[in-house]
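[1] this one's structure only:
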């Protein structure tokens with residue numbers, strides 16, 4: 001992966017967008033001591049470089065009835081199944097928010113948010129039925145003390 005050099009103004013813009021992706025160009029321009037068209041040009045360049053991949057919203061899933069946050073460690077029985085798992089997991093279930101290929105006791109670590117223990121149990125059964133899955137280990141989250149994007 002190619003690393004891009006960015007200046008302090010780019011970092012300021014990125015950090016403002018990380019804090020609130022809906023920050024107006026005018027507010028960013030004011031903070032950066034620039035004109036809005038220059039900020040727009042910089043943001044478009046950061047998008048073109050692939051540094052800004054998307055704009056998102058931070059949802060409190062508990063407010064929508066998703067009461068369970070969990071991490072599921074997945075052990076794959078054979079390296080030949082790793083790529084198959086990576087492709088399959090993307091469409092397995094919308095409760096899976098993230099999938100990380102990791103070192104240690106597991107091959108993958110999934111971040112999931114689901115309604116309740118019944119829906120979590122159904123999800124785990126789906127995962128265990130994926131070819132190559134040897135075992136799973138689920139860690140329930142009681143509360144989140146820190147969940148942020150890293151500033152640049």
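    Good, I have the coordinates. Quantities reported herein were computed from a predicted structural model and do not represent experimental measurements.
[2] sec struct for the residue positioned nearest the centre of the chain, please.
    The residue lying closest to the centre of the chain (Cα atoms, centre = their mean) is residue 98, at 5.6 Å. Three-state call for residue 98 (DSSP: H, G, I helix; E, B strand; the rest coil): strand.
[3] nearest residue to it other than its sequence neighbours?
    Nearest residue to residue 98, sequence neighbours excluded (Cβ to Cβ, 6 or more residues apart in numbering): residue 111, at 3.8 Å. Any C-beta I mention is one placed from the backbone N, CA and C, and that applies to glycine too.
[4] got the buried residues for the one helix or strand the one you found maps to?
    Secondary structure assigned from DSSP states H and E places residue 111 in strand 108-114. Within strand 108-114, the residues scored as buried using 16 or more other Cβ atoms under 10 Å are 108-110, 112-114.
[5] tell me the confidence at residue 44?
    According to the prediction, residue 44 has pLDDT 97.
[6] got it, and residue 5?
    You'll see residue 5 listed with a pLDDT of 87.
[7] any idea how far residue 125 is from it?
    48 Å (Cβ to Cβ, to the nearest Å).
[8] so these two - more neighbours on which side?
    Neighbours per residue (other Cβ atoms under 10 Å) separate residue 5 from residue 125, with residue 125 holding more: 10 against 5.
[9] and the angle for the worst-scoring helix or strand of the chain on mean pLDDT with strand 108-114?
    None of the helices or strands of the chain scores lower by mean pLDDT, DSSP states H and E than helix 82-89, at a mean of 91. Per axes from the mean of the first three to the mean of the last three Cα atoms, to 10 degrees, the angle that helix 82-89 makes with strand 108-114 is 10 degrees.
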